[in-house]
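> give me the fold of what follows.
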Amino acid sequence: MARSFDTGIAIGMYDTLDEVRTDIAARLSAAANDRRSAMHSPVVATADADARVMVLRAFDADSWLLRFHTDVRSPKVAVIETDPRIGVLAYDRQAKIQLRLRGTGRIERTGLVADAAWAQSNNFARRCYLGEGPGVAADHPTSGLPERFEGVEPTDDEVQGARENFAVLLVQVEQADWFSLAHTGHRRAVLTAGDGQWISP
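Have a look, this model is predicted:
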C-alpha cells in the first residue's frame, strides 16, 4: 500500500469502515502535530456560512475533539456562541483524500485547556493578540499590531495584556465524511462516534 509523502500515512482503497476510522484519526493527528501536513490548515465554516483557514492545534483521537486558537474579539466567536454548528474541510492533495467534518463548537476563554494552550505558545504567536481585533477598519494596509512589535518578538511582560484576547475554539466532531478519489473508482464513507456507512461518492 502506498504512503502519503508528507505524513507517511498509508493511502489506498480501504475495505472496512474501521480502516477508514483509523485513517481519519491518523490524518488529523498528523495535521495537529506537523505544520507540513496537508491538513494542518483546514477550512473552518461557521453557521453564518462564513469560512476561513485556521491552524489545527490539537486533535484528541479518543473523543474526536479538535482545537483551534482564536481572538475573542473575532466576529466568529459571537456567531459560535449563538449557533455552535461548525463545518471543517481538509484535503490531502497527494493522497486525494477529503475530510468534511460536522460538529459543535465552543469557545473557552479561561480554564485548563485555554491556559495550557497559551502557555505552550511562544511570544511571536502571543503577539497576534496584542493589536486591534479582527475586522477593525483601517485607512491603510495594516497588521493591526502596535508598530513597535512589527517583526519583533515581545517580552513576557509585554504580552501579558494579550492573554485576555486569547481563547480556544474546541470542535466536537459528530460526523466525518471521508472521500477518497481514485481513477479506479472513488470511495466514500460517513462515520459518527459509534456508527458508519459506505455511501456512493
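
> those helices in this structure, which residues are they?
17-33, 75-82, 112-120, 123-126 (DSSP state H).

> hey, which helix or strand in this protein has the poorest pLDDT?
One helix or strand of the chain scores below all others by mean pLDDT, DSSP states H and E: helix 123-126, with a mean of 93.

> center of the chain, which residue is that?
In the chain, the centroid-proximal residue (CA atoms, centre = their mean) is L56; its distance is 3.3 Å.

> doesn't A30 make contact with it?
No - the pair L56 / A30 is not scored as a contact, 9.9 Å apart, by CB atoms under 8 Å. C-beta coordinates here come from the backbone N, C-alpha and C atoms, glycine included.

> show me the contacts for R106.
R106 makes contact with 80, 84, 169-170, 172, according to CB atoms under 8 Å, 6 or more residues apart in numbering.

> dump the residues you listed to CSV, plus neighbour count and pLDDT.
As requested, those are arranged in CSV below (neighbours: other CB atoms under 10 Å; pLDDT from 0 to 100):
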residue, neighbour count, pLDDT
I80, 23, 98
P84, 16, 98
L169, 22, 98
L170, 21, 98
Q172, 16, 98
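
> helices and strands around the strand ranked longest in the chain, which ones?
The residue-count maximum for a strand in the chain (DSSP state E) belongs to strand 166-180. With contacts defined as 3 or more CB pairs under 8 Å, 6 or more residues apart in numbering; DSSP states H and E, strand 166-180 has these neighbours: helix 17-33, strand 65-71, strand 85-92, strand 97-108, helix 112-120, strand 187-191.
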